[in-house]
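Enquirer: output the structure for:
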Amino acid sequence: MKKAIYSFIYYRILGWKIDVTVPNYDKCVVCAAPHTANFDLIIGKLFYGVIGGKTSFMMKKEWFFFPLGLFFKAVGGIPVDRSRNNSLVDQMAKRFEESKKFHLAITPEGTRKPNANWKKGFYFIALKAQVPIVLIGIDYEKKTITSTKSIIPSGDIDKDMKEIKLYFKDFKGKNPENFLLGKI
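Expert: All right, here's what the predicted structure looks like:
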């Protein structure tokens with residue numbers, strides 16, 4: 001029933017399409033870009049509902065106040081404290097280890113503003129957890145979410161990040177001026 005509701009909203013009301021050829025892994029880090037608007041969370045959650053999946057995402061703990069916190073947790077939000085000296089990589093790798101199925105969605109830019117210096121935490125989480133990175137491109141111009149590539153982190157971050165960034169070069173975010181690939 002939920003999948004039918006997600007599909008109705010995603011396809012019929014919003015008019016979006018899907019292009020997915022990657023396998024449905026039990027565990028993976030989802031690298032989603034471009035992230036240029038708050039609406040990306042909504043369209044991404046609808047997309048995942050349409051394909052019958054469930055994804056979690058990390059978000060600043062400051063957003064988890066009542067009643068918003070209840071909503072964010074219900075849709076897969078994981079509050080993180082960025083002020084402490086905690087290793088998010090270790091925490092998330094442990095979560096992967098303890099879970100039968102776990103998809104963790106991360107936007108590599110780390111912000112909706114222009115940022116040429118992508119965060120690499122998603123890469124290190126996947127490397128430590130020994131899970132694939134599934135690349136998901138959000139294209140507002142074509143109204144399509146595309147996932148046609150996944151990579152297994154090799155440990156050569158420069159090589160792998162180049163491959164990841166090149167995948168996203170043709171996608172247009174809601175605010176395309178806010179999406180920068182930076183050094184490739």
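
Enquirer: how about the helices in the protein?
Expert: With helices called from DSSP state H, the chain shows them at 2-7, 39-50, 68-74, 88-98, 121-129, 157-167.

Enquirer: any stretches of this protein with poor pLDDT?
Expert: Where the chain drops to pLDDT under 70, the residues are 83-85.

Enquirer: residue contacts, the residue nearest to the spatial centre of it?
Expert: Compute the mean C-alpha point of the chain, and by Cα atoms, centre = their mean the closest residue is residue 105, 3.1 Å away. Counting by Cβ atoms under 8 Å, 6 or more residues apart in numbering, residue 105 touches 30, 32, 44, 48, 55, 56, 57, 76, 136. From N, CA and C alone the C-beta is placed, and that goes for glycine too.

Enquirer: make it 10 Å
Expert: In this structure, residue 105 makes contact with 28-32, 41, 44-45, 48, 55-58, 76, 122, 134, 136, judged by Cβ atoms under 10 Å, 6 or more residues apart in numbering.

Enquirer: and for residue 62?
Expert: Residues in contact with residue 62 (Cβ under 10 Å, 6+ apart) are 69, 79, 81, 82, 83.
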